[in-house]
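>>> how would this look folded up:
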Amino acid sequence: MKKLLLSASVVLLATGAFAQTTTMSGSDARFGIKAGVNLARFHSSGDNSNEAYNDNVKDNVGFNVTAFADFGVGNNFFIQPGISLQNKGAKFESTTSLTANNITTTTVSSNKTSLMTIEVPVNAVFRIPTGDAGAIQISAGPYIGFNVSGKNKLESTATAVNNTNNSSSTITSSGENDLSFGSATDKNYSSTEFGANFGLAYRLNSGISVGANYGLGLSNLIPKDSRTNNDNKLTNRVLGFSVGYSF
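Residues are numbered from 1 along each chain as shown. Have a look, this model is predicted:
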């Protein structure tokens, strides 16, 4: 919780910094903030990547909050740095069934990994005016992310059915643990990552905008000391939707 509050504080401080820059510059600089929903998952690749892993991984539904500034560098073209709080991760679900001694046991399990990341993107944005209403904005650029907190939550439900008399019983269990970050073998994930953002948005002349962004993780989330000689990688994939306002 302390790390989460620290992350939120960083975003708020960045908001004030960007606002001050906008006010003092007197240029075409513009300040904004946006927030929305993330659909995040992990992607496995490399020499021994498991296709079943990618087939079974589900979206972790999270959130995003971003403070940004637009700096005009040409006609309908600007650079957009920002700082963002991104909820990433993945979710896995499985169902197994086993029959023994005329009793069928069905187990439904889920494993949800939630990562909280402070992300610093720098996007190049091209603006396509659509008359007096507003403009389409196409963006792309790199980002660097810092994993600051996370949890792994396990849930399981086992139902046993007696095939003789059709009676049944159910047992549920759950648990969660905090995740750790770094390069050592006892860490869960790397503490930093980098990748590329691709975005499409529509901004009204009133300042309100709606958009979508795809974050393509390029660096390996597996801690450095835990990597073998193969090229196995675990990377982030995040599809985000947001509503924002800038002035």
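>>> contacts, neighbours, all on C-alpha from now
OK.
>>> in the sheet, who's paired with the spatially most central residue of the chain?
The centroid of the chain falls nearest to residue 88 when counting by C-alpha atoms, centre = their mean (2.8 Å). When assigned by DSSP bridges, residue 88 has beta-bridge partners residue 115.
>>> what sits against it?
Residues near residue 88 by C-alpha atoms under 8 Å, 6 or more residues apart in numbering: 38-41, 60, 62, 114-117, 236, 238.
>>> Just the residues you listed: which are in strands?
Judged by DSSP state E, the subset of the contacts of residue 88 located in strands is 38-41, 60, 62, 114-117, 236, 238.
>>> doesn't residue 52 fall inside a strand?
No - counting by DSSP: H, G, I helix; E, B strand; the rest coil, residue 52 is not found in a strand; it is helix.
>>> Name the residues that touch stretch 148-160?
By C-alpha under 8 Å, 6+ apart, stretch 148-160 touches 3-4, 7, 103-118, 168-181, 191.
>>> What about the contacts of residue 88, which one has the most neighbours?
Comparing the contacts of residue 88 by number of neighbours (other C-alpha atoms under 10 Å), residue 40 comes first, having 28 neighbours.
>>> Looking at this protein, which strand is longest?
Assignment by DSSP E gives strand 134-162 as the longest strand of the chain.
>>> Now do that one: distance to the chain's middle.
From the chain centre to the centre of strand 134-162 is a distance of 5 Å (C-alpha atoms, centre = their mean, to the nearest Å).
>>> Pretty sure residue 182 sits against residue 221.
No - contact between residue 182 and residue 221 fails when scored by C-alpha atoms under 8 Å: they sit 9.6 Å apart.
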